[in-house]
Structures are given as structure tokens and as C-alpha cells.
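# Next one to model:
(chains A and B)
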Amino acid sequence: MAIETKPLTGAACWSCGAQREERAHFCSACGKVQPGVAADHFSFFGLPRKLALDAAALEREFYRLSRKLHPDLYARATEEERRWSLEKSSQLNDAYRALKDPVARTEHLLALEGVQLEEQSKAATDRARATGEEKKQVVPPELLEEVFEFNMQLEELRLARKMGEDDSGVVEELATHRENFGQMLKDLGDELRSCWKQWDALPFHEHADTAGDGAERRRVRDKMVDLLNRRSYIRNLVRDVNQALGN
Amino acid sequence: MAAERIVGIDLGTTNSLVAFMQGETPVVIPGEDGANLLPSLVAMDAKGEVVVGNAARQHLVETPERAIYSVKRLMGRGVEDVQEELKFFPFRLADGLQPGEVLRLRLGERETTPPEISALILRQLKRNAERFFGSSVSQAVITVPAYFNDAQRQATRDAGRIAGLDVLRLVNEPTAASLAYGLNRGKDGIVAVYDLGGGTFDISILKLHEGIFEVIATSGDTHLGGDDIDNLLIAIALDDILGDMKLDFRRNGAAVQAIRQAVIDAKIALSTSAAATIEADLPGGRNYQREITRAQFEDLIAPVLERTVGPCRQALKDAGLTPEQIGEVVLVGGSTRIPRVRALVKDLFRREPHVELNPDEVVALGAAVQAHILAGGSQVTEDMLLLDVTPLSLGIEALGGTVAKIIHRNSTIPASATEHFTTGVDGQANVAIHVVQGERELAKDCRSLARFDLKGVPPMAAGIPRIEVRFLIDANGILNVSAREQRSGQEAEIAVKPTYGLTDEQVESMILDSFDFAEEDFRQRQVIEAHNEAETLLLHLEKARRNPAWQELSGEERKSIDRLEGELQRVKEGDDHKAIRDAIEHLNQATMRLAELMMDSAVAGALKGKTLDDADLGEGPSAPHPFAPAEIRTSDE
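Residues are numbered from 1 along each chain as shown, chains lettered A, B, ... in the order given. From the prediction side, this is the model:
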């Protein structure tokens, strides 16, 4: 697994006093677990902020660290070590969960870039509730027509069921929509992956504002935000159609 | 000094067990009666004495108001949750219980809580283990249904504390079972564990990889099990009796208990026979009988078994797997002995399930393996590590009563989430947070876990404070919360009010109560032991009188012995163990020469100073006696 080289910021091991790297999970001299430091999910694994990653290598590293950090291994350790183990293994699990899933990984990276995805944010939910409005859901323009038709058919299905009428025709049409949506999700996934490549090709900068390639960076970032919002919109449609069709 | 042993405990709805790792094999520690299973049954007699397990069974039939069983169903629940249970279970709730309050039950003359009842069962298991080891046991791993929520887990941990046990880990039952199965197998792949016990149902799907047992998904129902099958049969019997005999026993605790035992016997018989008879003696000398065929039984229980299908499908879906991708299926829990259950599992997962380990014992055996791992392990457990998940999503009530999920179900634990809160009014010093658990969209449909009150927020304009709250689910599946106001750097004080749990103060006072109990127990055990010793000595003396050596004693000696024997006879039935001990000692002294005379002269020299008991060779009071190790039965049922 590639490890980003960072300027070595030192700290001393709490147990043996040896100098160690600040973000190291263990002391390289005595092997003892070290207190946790705030870290984003990429840096916890010692990974660069890149989106295309080797899932098998990530899993191996997750297992390797689990075998050294899990609270089960510290049942008879000092109270402090127990606390650090709990702290670190929760960080490990949180980081692994976010990184192994392509969408969660992209969302995490975008959050690190200062982007707040409207759809997912709790703040947006709270705001919408407070003002009594529906949460902001912008229909992607090219979907307007299909979504309009789709909603009509959902309504038709509801009516047909209420009246006890035959609904096989509309069920069939809805199933076609579902298939379409499925294909769209797949295409979105492909587009997202190609954005990853563009993103990963950008030179790494800790802070976006110091980047000389700011325009390209913003372009790729905004594209990913757009793709994720679209994806979330279509997933809601899929959820609705699944509910309506009962599976 | 060798480190103290950590035991593994399965605190079950119907039966409880304690196990430990003997060398490379987990074994169950039997009770005094030699049985591996301790019925999860607690009774309190008219003298206020507590009996646990089989000893309590008599009370259940004769004075049901003095007995409690299936208390696990009440752990971590409120009065509004248990209305359904009350129809079938003779739980007697205390008066004036409010929703959202820890349940209080009446047991004989006392009022008690579910964790205290569970603690009595745990204490019995602790004692069994201590007798077995001949040393004290104070650390344990306790299993809980995977689908237990936070309150149910906390209640279980509280029960351990009240029983004087340091609960090092709560382990999910299906996960524990997979540990017992996985031991020494070293096989990688996907395993599904179907666990249908007395009162709970769990399904867990695990990925095994080089000793790591990683739970991918879990689902279940904490109110589904063998009890529900029993209740169906009981309802039929009560209907029969009402219809045919015109007798209404629905509110008669003793009659319901007699019928319950009868239907359980019939249910068990039906796992191996094509038909069985439910037969019960009823109050008033009447007798109830009904024949039931296996086909009828299977029709009857089909709806109950069907309820296990939804969670299985959900777990597969959450794991992103099809039934074909499941490599092995393991059956756990007594109810999986029912052939129809096995057929259903085979159907669901399209493969023959594993039944090599006794389904009643496998969870306790797995708990023992986990206890061994926590103790530092050995070669046999060297690479083994459990990575479990939280079964339910954790959320915070947002404006308008909706739930903002912060940790999703099936997240590997420990897991955490950080949220930021602020104030809505200028100078506001407190912020209230409501934490819920569950999958529903609205807070009112989820399980309320706790209300946190962040206190001491420094006075600032509305919206300015930035309070960071960290929610952490630990390896036991229990929530921990910490908070900090970031603008001032102050640690915000958190007053946690668990919705259905006991506060620390309550648990402390229960621990004290149980010490009172423990002292009383200890005293009674001493009386019993002294009494038994007296009986043994008197028996030996009885035999010695027929020995020629008796005639060699002087008349004075014989008279002294007779007098002291009478004294021991007199005090041995009392409850003063010191008086009994003294009388034993006196009689021992007086019979010392008799004992010597009885021995062959060559041996007699070696035995100088020995007492009659020793002289009788080997039948003296026995030290803690290790029973034969428990066997792991291979069953092909």
C-alpha cells in the first residue's frame, strides 16, 4: 500500500520515550499502542487523498491493524491503553467503512475539500424542517421528462389499486423505468470513476486554495458533487418504484 | 500467582450455562446436580430464601407467584413494551409503573428488577464455577442476542455487576457460536448462523478469514423463540379445557404452569416422534389429554417460523449476498431441534445446516473461547479475532421528530460519529439531545436510548456555541458519549438519563443489597455444610459401634461418646453452624482413640491424631470436586 511521505513531526513514546512519528499507531521501538490523534480517514491508513484505491490491499491493512488495535487485545492492559485501543479501533473501523465504499469514499474526500453535500447533510434536513419545506431536490434537467411520466404512473398505480382495477400495464411500465434508472446508476458509477482518475492525476495539495491548478481542481470537484447528487436523486426514485411494486 | 480464570456465560431465556477453556477445548461446567444447563428460573420461598434453577421448579408449579422465568424477555424494557408478554407470562409487575421506567416485578414479598433476577442466575453460575475450580471467579464474558439494543445490553451488564462479576465483554450469541464452530477448523468462507432460542431469534452472516471472524450483517427479533411455540400450544389446551370441561384456567397460574410443562414435553417428543400426547393434571383432580401429530404441530407453528424468514432475507440483503454465496450454515438454540426448523433453514440457504455441536451449549462454549482470547489466549486461539457489528442504527432526533442517522446498522464496532450542536436562544446554557436506536424515519417509532443534557454551555449569542458531541459504540455494543464546547474549549457536562436503564447509583445500591444476600447465602451454606458433616460423622459412629474396637473402650469413654453424640444430634438440625461445628469437634476428640483402635496397628501409628472420619478412609467431607469434563455431543438429529 502506497504511503504518503510527510514531513516527520516527532513525538515521544509514552512508554519507552523513543522518538516516533506523530501519527504512528505504535512505537517503532517498543511496539506499544500510542494515543490517538485526530486524523481523516485517508491519513489514518497512511494513504494519500486519492480516490482510486486497491480494495484488497485496504482490506489486508484493515485486518492487520485490527489484529493490533482491537480492544480484545487490551482486556488486561492499563486503563489508558484500553482507552487508546477503543479510540483507535473505532477510528480504524470508521475509516475502513468510509474508504471501502466508493461513494462514501468520494463523499469523505469532498467533505475534506470543504464541500457540503446538500442531500446528505443533517443541517439541510434541519433547515428544511424548520422552514416547513421539502428538502431541496433539484431534478436533473435531462430527467425532467422521465420523472414527470414516472410520477404520473405511480399515481395511476395507486389509483388502480385503490379501485381494485387491473394494474398489470402500469406495473410493466414502472418496471421499465426501474430498469432505466438502474442503467443510469451504472453509467453514473462509470462517470464517477473517470472523475477519480482526473482527480488523482492532480498534484496533491493539503489546501485547495494554494493550488495553482485551481480551475481544473474545482471543475473535477464540482462534477463529482453533481454526480453524487444525481445518484442520490435516482436512488430515491428506485426506492419509490421498489416500494410501489412491493420488492 | 496464576491469573484468575475468565469464564464464558450464556445467560439464556430458558437455560443458562457457564463454560471455560480447558486446555484447547471449551467445556461446560456442570452444577451441583451434575447438569450442564441451569434453568433460568428463580424462586423465593416464604422464608425469603432464593432458589435458582431446577430447585425452583417446584415453586413454579405450587406457588407461581414466588417464581420468575424467562426474565430475559423483560431486560431493558419498559411497561409499555411488555403488554404482549403479560398475556402469556405470569410476570407480576409492581403497581404504579410509569412508561420509560425500569420494570419492577413482584417476587414473593419483595419487589425486584429484571437485572436483579438475572443477577441471581449469574450468581448461581459463578458459584458453580467457583466450586468447580476451588477458587474465586470474578471476571466473565456474557453473551447477548445479537439483536439486543443498547438498553438490553446495559441491563445485562448491570446484572453482571450486581452478581459481583466484572463483565469484560458482551458477545453476540451467534458470533460466539461461530467461534465455537470455528475453533481448530481454519476454514475461510461465508458462514450464516441461525439462532432460534427460547425467547430470541438472531441471524448473523460472517466472513471467516485467517482467524478473523468478521460479522457482515445481523438481524433478528428479540421476541421470537420456543416460548412463542409453547404459548400457541397452551392457548389450544386452555381453549379445550374451557370448551370441554367448562373450566376457565386462563388466570390460574398453577394450572397454566402444569400445562406449560406438558406442552414442552410434547413439543420435545414431536422432534423425534410422529405424534405425542399433551397430558396435564389440573387443579381439582381433573386430567387433560390431547393427542397432537407432527403434521398438526407443524401447521400450528408455521406462522412463528415464518417470522424468521424476513430477518434472514434482510441480513442477506445487507450483506450483499445471495443464498448461494453462503458456504456453511450453523444452527444454534434449542428450538433448532425441531425438524421443521431445519427444513426451513435448508430451504432458505439451500444447504444442509451444521448440527455437530449441541445447540444448547454451543453459545456458552463460544463465550469460553472469547474469554480465553481476552485472557491473552494461547496457541489454539492465537489468530482468532472477532469483529462484530452494531445491529441497529443509532440516530439523533432532529427538528420535527425526524431521525438523523449517525451510525448505521451493521457498522463494525467499535464505531463512532461526531456531531455538532448549537443553541437556539441567546445565553442558552443547556442543550438537550435525544438519542434513539432503530431503522424508522421518525424518532417516535424508534427505540429511545437516552436523553442527554449538555450543561454549562458558556453564555453566548444563539447559534454561536459549537458543541462537539462524540458518540462511540464500544466493543460490547454499548453507547458512550462525550462532549466539548469548542469555542471555549470547555468540557460540557453530560447528564445521561438512560430511558430504560438503571442509573449507576441504582446499580450500586443493588450491589450492596446483593451483598446482604450473599452474606445470608454464605451463612446458610455454612449451616448446610456443617449439618452434612454432622450426618456423616454420626453415620460413621453408628458403624463403629459394631466394630470390635468399640468393646475395647472403657465404660467412661463410651459414656462420654454417647453424651457428645446426643449433643450433636440435638444441635445439628438448628441453624447455628458454630454450635454444630463445636459439637462435631467435641465428638471427634472423644472418638479419636476409637479411630486409632480401629486401624491396623501398623497403620494406626501413621494415623496418630486422626479422627474417626479419616479413619473410615476416604469418606470424609469432600473438597471442591471437579466433575468430569463436559462432553460435546455430536447429534445427528
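# and chain A, what are its domains?
Following automatic domain parsing, chain A resolves into domains at A:10-100, A:138-245.
# Just want the residue of the stretch 501-637 of chain B that's nearest chain A.
Distance from chain A to each residue of the stretch 501-637 of chain B (C-beta to the nearest C-beta) is smallest for residue B:504, at 17.6 Å. Placement of C-beta: from N, CA and C, glycine included.
# That residue - how many residues pack around it?
Other residues near residue B:504 come to 12 when the count uses other C-beta atoms under 10 Å in any protein chain shown.
# closest one to chain B among the domains of chain A?
domain A:10-100 (3.8 Å).
# What pLDDT does the model give the residue of the stretch 501-637 of chain B closest to chain A?
With respect to pLDDT, residue B:504 scores 70.
# ok, now residue B:108?
Taking residue B:108 on its own, its pLDDT is 80.
# show me the contacts for it.
Contact analysis of residue B:108 by C-beta atoms under 8 Å, 6 or more residues apart in numbering or on different chains lists B:44, B:45, B:46, B:48, B:65, B:66.
# Next: residue B:473.
For residue B:473, the contacting residues are A:90, B:390, B:394, B:407, B:411, B:413, B:414, B:415, B:416, B:479, B:480, by C-beta under 8 Å, 6+ apart.
# let's see it at 7 Å
By C-beta atoms under 7 Å, 6 or more residues apart in numbering or on different chains, residue B:473 lies in contact with B:390, B:394, B:407, B:413, B:414, B:415, B:479.
# Report the beta-bridge partners for it.
residue B:415, residue B:479 (DSSP bridges).
# Where does the prediction get shaky in chain A?
Within chain A, the ranges that satisfy pLDDT under 70 run A:1-10, A:117-139, A:204-213, A:246-247.
# from memory residue B:487 sits against residue B:466, does it?
Yes: counting by C-beta atoms under 7 Å, residue B:466 is a contact partner of residue B:487 at 5.6 Å.
# need the residues of chain B near chain A, please.
Within reach of chain A by C-beta under 7 Å from any C-beta of the partner chain, chain B has these residues: B:168, B:209, B:212, B:373-374, B:376, B:385-387, B:398-400, B:402, B:404, B:411-416, B:472, B:474-475.
# those strands in the stretch 51-200 of chain B, which residues are they?
Assigned by DSSP state E, counting those that start in this stretch, the stretch 51-200 of chain B shows strands spanning B:67-69, B:105-107, B:110-112, B:139-144, B:166-172, B:189-196.
# I'd like those as CSV, with mean neighbour count appended.
As requested, those are exported to CSV (neighbours: other C-beta atoms under 10 Å in any protein chain shown):
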stretch, mean neighbour count
strand B:67-69, 26
strand B:105-107, 19
strand B:110-112, 17
strand B:139-144, 27
strand B:166-172, 23
strand B:189-196, 25
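# Show me the one of those strands that comes nearest residue A:197.
strand B:189-196 (32.3 Å; C-beta to C-beta).
# Quick check: mean pLDDT of the closest one?
93.
# Tell me the first helix or strand C-terminal of it.
strand B:201-209 (DSSP states H and E).
# That next one: which residues count as buried?
Neighbour counts over strand B:201-209 (16 or more other C-beta atoms under 10 Å in any protein chain shown) mark B:201, B:202, B:203, B:204, B:205, B:206, B:207, B:208 as buried.
# if I pick residue B:371, what's in contact with it?
Residue B:371 sits next to B:6, B:7, B:8, B:20, B:21, B:141 when contact means C-beta under 7 Å, 6+ apart.
# Residue B:453 belongs to a helix, doesn't it?
No: per DSSP: H, G, I helix; E, B strand; the rest coil, residue B:453 lies outside any helix segment and is strand.
# Pretty sure it sits against residue B:434.
No: using C-beta under 7 Å, residue B:453 is not in contact with residue B:434; the gap is 10.3 Å.
# The two: who's more crowded?
Remark: of residue B:453 and residue B:434, residue B:434 carries more neighbours, 18 against 14, as counted by other C-beta under 10 Å.
# I'd say that one and residue B:397 touch.
Yes: applying C-beta under 7 Å, one finds residue B:434 in contact with residue B:397, separated by 4.0 Å.
# about what we covered before: now, among the buried residues of strand B:201-209, which is nearest to chain A?
Among these, and counting by C-beta to the nearest C-beta, the member closest to chain A is residue B:207, at 10.0 Å.
# Check what pLDDT the closest one gets.
The per-residue pLDDT reported for residue B:207 equals 93.
# Could you report the separation of residue B:322 from residue B:313?
11 Å (C-beta to C-beta, to the nearest Å).
# Same check on residue B:403?
Taken as C-beta to C-beta, the span from residue B:403 to residue B:313 is 24 Å.
# Same question for residue B:417.
28 Å.
# try residue B:177
Computed as C-beta to C-beta, the residue B:177 to residue B:313 distance reads 21 Å.
# Where is the longest helix in chain A?
Using DSSP state H to define each element, chain A has its longest helix at helix A:168-201.
# By neighbour count, which bits of it are buried? Give me those.
A:170-171, A:174, A:177-178, A:181, A:184, A:188, A:191-192, A:195-196, A:199.
# Stretch B:29-47 now?
For stretch B:29-47, by 16+ other C-beta under 10 Å, it's B:29-31, B:36-45.
# I'd like those as CSV, with secondary structure, pLDDT and distance to residue B:269 appended.
What follows is the buried residues of stretch B:29-47, written out as CSV (DSSP: H, G, I helix; E, B strand; the rest coil; pLDDT from 0 to 100; distance: C-beta to C-beta, whole Å):
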residue, secondary structure, pLDDT, distance to residue B:269
B:29, coil, 95, 29
B:30, coil, 93, 25
B:31, coil, 90, 25
B:36, coil, 93, 21
B:37, coil, 93, 18
B:38, strand, 94, 23
B:39, strand, 93, 19
B:40, coil, 93, 22
B:41, strand, 91, 21
B:42, strand, 92, 27
B:43, strand, 89, 27
B:44, strand, 87, 32
B:45, coil, 83, 32
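# send the alpha carbons of stretch B:110-130 over as PDB?
Output of stretch B:110-130 as PDB, limited to C-alpha atoms (Å, rounded to 0.1, in the frame of the first residue of the first chain):
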ATOM      1  CA  ARG B 110     -40.100  -8.500  47.500                       C
ATOM      2  CA  GLU B 111     -40.000  -6.000  44.700                       C
ATOM      3  CA  THR B 112     -37.200  -6.500  42.300                       C
ATOM      4  CA  THR B 113     -36.000  -5.700  38.800                       C
ATOM      5  CA  PRO B 114     -35.100  -7.900  35.800                       C
ATOM      6  CA  PRO B 115     -31.300  -7.200  36.200                       C
ATOM      7  CA  GLU B 116     -31.500  -8.300  39.800                       C
ATOM      8  CA  ILE B 117     -33.300 -11.500  38.900                       C
ATOM      9  CA  SER B 118     -30.700 -12.200  36.100                       C
ATOM     10  CA  ALA B 119     -28.000 -11.500  38.700                       C
ATOM     11  CA  LEU B 120     -29.300 -14.300  40.900                       C
ATOM     12  CA  ILE B 121     -28.900 -16.700  37.900                       C
ATOM     13  CA  LEU B 122     -25.400 -15.300  37.300                       C
ATOM     14  CA  ARG B 123     -24.500 -15.700  40.900                       C
ATOM     15  CA  GLN B 124     -25.500 -19.400  40.800                       C
ATOM     16  CA  LEU B 125     -23.300 -19.900  37.700                       C
ATOM     17  CA  LYS B 126     -20.500 -18.100  39.400                       C
ATOM     18  CA  ARG B 127     -20.800 -20.300  42.400                       C
ATOM     19  CA  ASN B 128     -20.900 -23.400  40.200                       C
ATOM     20  CA  ALA B 129     -17.700 -22.300  38.600                       C
ATOM     21  CA  GLU B 130     -16.100 -21.500  41.900                       C
END
